[in-house]
Structures are given as C-alpha cells and as structure tokens.
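Participant: Take this sequence and fold it.
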Amino acid sequence: MMPTISPYPVTGARVSAVLALLLTIGSEMVTSAPGLGRAIFDAQTNNDLAGMYALIVVAGVLGLAVNSVFFFIERKALAWHPSQRPVIS
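Facilitator: Next up, the predicted model:
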C-alpha cells in the first residue's frame with residue numbers, strides 16, 4: 001500500500017514548503033520580525049519602489065528555488081512511479 005500512496009505525501013511536502021515560505025514572509029511583514037518580508041514592507045513605506053520590486057523578485061526566485069529542490073527530490077525518490085516518467089507520444 002505504501003508504494004501506491006507515496007507520490008501524495010512527497011507532493012504535499014513540496015507544496016507545503018512553498019506555502020511555509022510565503023507565510024514566513026507574510027508574518028515578517030506583520031510582526032516586524034527581521035527578514036525578507038520586513039525589508040519589503042520597509043521599502044514600501046519608504047516609497048522605494050525599485051527596492052520593493054527587487055525584493056519581491058528575490059522572494060519569487062527563492063520560492064522557485066525551494067520548489068525546484070523539492071521537485072528534484074521527488075523525481076529521484078519516485079523515479080519508478082509512472083507519474084514521473086516522460087510522456088512519449
């Protein structure tokens with residue numbers, strides 16, 4: 001039974017890692033904790049639009065990096081599963 005359900009927890013871990021990153025950045029904006037979210041908020045309040053958008057791009061790239069790492073792990077761990085094989089048409 002474990003091989004049947006194994007793709008779902010791995011995919012759930014990938015999605016939850018990105019959501020954890022988003023929630024961390026959001027909570028830094030609200031709670032004044034030091035971090036990327038606070039830097040974005042400070043740039044917004046100081047009307048530093050270029051800096052704000054640069055930090056937002058950094059947050060997006062960080063999210064893509066986290067997703068890519070988990071996707072790579074998923075591909076290696078589930079190489080045997082049909083959902084991870086390339087489609088040949």
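Participant: which stretches of this structure have low pLDDT?
Facilitator: 89 (pLDDT under 70).
Participant: centroid residue for this structure?
Facilitator: V18 (2.7 Å; CA atoms, centre = their mean).
Participant: Name the residues that touch the helix or strand hosting it?
Facilitator: With elements taken from DSSP states H and E, the one containing V18 is helix 7-31. Here helix 7-31 makes contact (CB atoms under 8 Å, 6 or more residues apart in numbering) with 33-38, 40-41, 59, 62-63, 66-67, 70-71, 73-74, 77-78, 81, 83-84. Bear in mind the C-beta positions are built from the backbone N, C-alpha and C, glycine included.
Participant: Keep only those of those that are in helices.
Facilitator: Counting by DSSP state H, the contacts of helix 7-31 place 36-38, 40-41, 59, 62-63, 66-67, 70-71, 73-74, 77 in helices.
Participant: Can you flag the buried ones in those residues?
Facilitator: Among the ones in helices among the contacts of helix 7-31, the ones that count as buried by 16 or more other CB atoms under 10 Å are 36-38, 40-41, 59, 63, 70, 74.
Participant: Would you mind measuring the gap between the ends of stretch 68-86?
Facilitator: 17 Å (CA to CA, to the nearest Å).
Participant: What residues sit buried inside it?
Facilitator: Residues of stretch 68-86 classed as buried under the neighbour-count rule (16+ other CB under 10 Å) are 70, 74, 78.
Participant: One more: stretch 29-39?
Facilitator: Buried residues in stretch 29-39 (16+ other CB under 10 Å): 29, 36-39.
Participant: and stretch 26-43, how far apart are its ends?
Facilitator: OK, stretch 26-43 end separation, CA to CA: 15 Å.
Participant: Please state the offset of it from the chain centre?
Facilitator: From the chain centre to the centre of stretch 26-43 is a distance of 17 Å (CA atoms, centre = their mean, to the nearest Å).
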